[in-house]
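A.B. asks: test case, fold it:
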Amino acid sequence: MPSRSPAFVTTALASASVLLVLLGPQSSAVAKPRPAATLTASVTSGTAGTPVSLTVRLKDKIRRVVVLEARKGARWVRQAKATSNRRGIASLSTKLPTALGDVQFRARAAKVTVKGTTYAAVKTAVRTVTVQAPAAPQSPAMSAWSAESGVFVAEWTPVAADVSGQAFTPVSYDVELSVPGQAPRVLAWYGAARRDFSPAQLTAILGTYRSPVTIRVRVGATTAATPALARPASEWSAPLTTVIGSPASPTNVQAQSRVDAVDISWSAPADASRAKYLTGYRVYLSSAPNAPLGEMNKVYEGTGTSFTYGSGSYDLVHYFTVVAYWSAGPESDPVVVTGTPISPYGPS
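C.D. replies: I've put the predicted structure just below:
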């Protein structure tokens, strides 16, 4: 092999260096062209029938009419149109369909000529939004269930959102009542987050009011002509149980003997907050202490605070039991006084 002079080798290397400089560094990456228009949606999923906002950005940044289309099958249906601003941005709004599943959106703008320059028609890539059924409401929490003053009062926290955190106003609440040994009863309630029950109402609903009564509530299901728009009921609240109480006893109960009669008098219970709910008072008569009380020996029932019992049994001690009562529920603890009618003829 013939030898090369040093000058020849130096010249060849210099030529190769110049060629590399001209060609520059080689890379396999190819820069992607910027799309003529892009479409973004405010959500990737949403409740059927709720609004959705979409934004179109045009590469050419000129004002032109942009049309929004949607499809769930093969056919594209026009939804809305808007004119882009000077930055080439157009905002469009529509509502998600009432059919569940994926819906596709795209936007397009027709060819337009501005100041002698013609801009080609553009069409965005497809954006998919998943249509979902309405979320269940948040569950209410029972804050009170009491039977003070002979009236059952239920209170709970009002619900203002669904489980996804979206604002929601309940149409109704379901109120479930139950007593031991019976199937629960569920009532729809269209009022505020409070429900009162009188003993008579509970008797009509449950057959009794004297047993421990348990309550729990939930937001009722919302029906709709379109099934996809129906909202399920919430979870039930934790239950609460209460038993109807009794009124406070009358105070200052006295019996005064006089000719052929005994006068009985009393004052309202000392607890004024409970006394205002009183229905009235009852007086029972017996010939011995701790005798059973009932309709057979009831001698007075009313709202007054005094009563005169006429009697000719001059030698018999009369035991008068005075109680307070509500429209239903247990009577107050009894207060017993005694009296003996005085004979008009003097002692026997």
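A.B. asks: the stretch 201-348 of the chain: strands as residue ranges?
C.D. replies: 213-219, 240-242, 251-258, 261-267, 280-286, 298-302, 306-310, 318-325, 335-339 (DSSP state E, counting those that start in this stretch).
A.B. asks: same list (these) but as JSON lines, adding mean pLDDT.
C.D. replies: Below are the strands of the stretch 201-348 of the chain laid out as JSON lines (pLDDT from 0 to 100):
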{"stretch": "strand 213-219", "mean pLDDT": "96"}
{"stretch": "strand 240-242", "mean pLDDT": "93"}
{"stretch": "strand 251-258", "mean pLDDT": "96"}
{"stretch": "strand 261-267", "mean pLDDT": "97"}
{"stretch": "strand 280-286", "mean pLDDT": "96"}
{"stretch": "strand 298-302", "mean pLDDT": "96"}
{"stretch": "strand 306-310", "mean pLDDT": "96"}
{"stretch": "strand 318-325", "mean pLDDT": "95"}
{"stretch": "strand 335-339", "mean pLDDT": "96"}
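A.B. asks: which of the ones you listed is buried the deepest?
C.D. replies: Neighbour counts (mean count of other Cβ atoms under 10 Å) averaged over each of the strands of the stretch 201-348 of the chain peak at strand 213-219, with a mean of 23. (Glycine included, C-beta is placed from N, CA and C.)
A.B. asks: tell me the strands beside it, with direction?
C.D. replies: Next to strand 213-219 in the sheet, as set by DSSP bridges, lie strand 173-178 (antiparallel), strand 240-242 (antiparallel).
A.B. asks: any chance of the ones you listed in JSON lines, plus distance to residue 221?
C.D. replies: Below are the strands paired with strand 213-219 laid out as JSON lines (distance: least, Cβ to Cβ, whole Å):
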{"stretch": "strand 173-178", "distance to residue 221": "8"}
{"stretch": "strand 240-242", "distance to residue 221": "23"}
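A.B. asks: quick one, what contacts residue 344?
C.D. replies: 259, 260 (Cβ atoms under 8 Å, 6 or more residues apart in numbering).
A.B. asks: returning to what we had before: take the strands of the stretch 201-348 of the chain and lay them out in TSV including distance to residue 123.
C.D. replies: Formatted as TSV, the strands of the stretch 201-348 of the chain follow (distance: least, Cβ to Cβ, whole Å):
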stretch	distance to residue 123
strand 213-219	44
strand 240-242	60
strand 251-258	88
strand 261-267	89
strand 280-286	83
strand 298-302	87
strand 306-310	94
strand 318-325	81
strand 335-339	91
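A.B. asks: and of those strands, who's closest to residue 37?
C.D. replies: Of all the strands of the stretch 201-348 of the chain, strand 213-219 sits nearest to residue 37, with 43.5 Å by Cβ to Cβ.
A.B. asks: contacts for that closest one?
C.D. replies: Contacts for strand 213-219 (Cβ under 8 Å, 6+ apart): 137-140, 142, 145, 147, 152, 154, 156, 159, 170, 172-179, 189, 202, 206, 233-244.
A.B. asks: of the residues you listed, keep whichever come out buried.
C.D. replies: Buried members of the contacts of strand 213-219, scored by 16 or more other Cβ atoms under 10 Å, are 137-140, 142, 145, 147, 152, 154, 156, 159, 170, 173-179, 189, 202, 206, 233-234, 237, 240, 242, 244.
A.B. asks: could you check how far the nearest residue to residue 263 once chain neighbours are set aside is from residue 287?
C.D. replies: Counting by Cβ to Cβ, 6 or more residues apart in numbering, the nearest residue to residue 263 once its immediate chain neighbours are dropped is residue 256, at 4.3 Å. Going from residue 256 to residue 287 by Cβ to Cβ, to the nearest Å gives 19 Å.
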